[in-house]
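Colleague: heads up, no residue letters with this:
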C-alpha cells in the first residue's frame, strides 16, 4: 500500500506528515549523522513503514499537547489544526516543519527498533538478584522508573507547537527553520 501523506488539507487516510523524498533530503543534508546512514540503507517499503510508525508515535505521545485543535473531523492525522498560533500570535503552518523534522528523526530510529517497544519496566533499578542454580535473575525497579524511551531531540524540536502542559515541559523552544 502506498504511503498517503498529509498535504495540509486534512487528508482522510493520511498516515504520514512526511514523504519519503522529504526524509531522504532531510538525511542527505545531515550526512554526518549515523541515522543518515541507517536511513539511506533502508528499502522504500521499510522507509514508508518507519514514516507511518513515526507519525503515529508523534500523534500518540505529543498529540494531546499540540497547540490548537484538529481542523476537521475526517482528517486522518492530528494536523492540520485550527487555532494553532505561536507565542507571538502568528498562525502556525498547516504542517509545521518542526513536526516534519521530528517524524524524520523518529523514522530513522524506527528502522532499528520499535519506538514504543513493549517493556517490563525501564530506568531506575532498585535491586538485581543474580541467578543461583536453577533460579533466574530477577530485577526490581523503583515505582518511578520510566517505561518507554525518551527522545529529547524530538521533544525539543516539537516544543514550539506544544501547549506547554506536557510532562517535563521545557521552556525552551527549538524553532529550526
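Modeller: Thanks, I have the structure now. Model, not experiment: these values are computed from the prediction.
Colleague: Compute the number of surrounding residues for residue 41.
Modeller: Per other CB atoms under 10 Å, the neighbour tally for residue 41 reads 9. Backbone N, C-alpha and C define where each C-beta goes, glycine included.
Colleague: same thing with residue 31?
Modeller: Look at residue 31: counted by other CB under 10 Å, it has 9 neighbours.
Colleague: Quickly note the distance from it to residue 37.
Modeller: Separation of residue 31 from residue 37 (CB to CB, to the nearest Å): 8 Å.
Colleague: One more: residue 100?
Modeller: From residue 100 to residue 37 the distance is 21 Å (CB to CB).
Colleague: who's more crowded, those two?
Modeller: residue 100 (22 against 13).
Colleague: May I ask you to confirm that the more buried one is in contact with residue 16?
Modeller: No: between residue 100 and residue 16 there is no contact under CB atoms under 8 Å: 9.5 Å.
Colleague: Please give me every residue in contact with residue 48.
Modeller: 2-3, 16, 20 (CB atoms under 8 Å, 6 or more residues apart in numbering).
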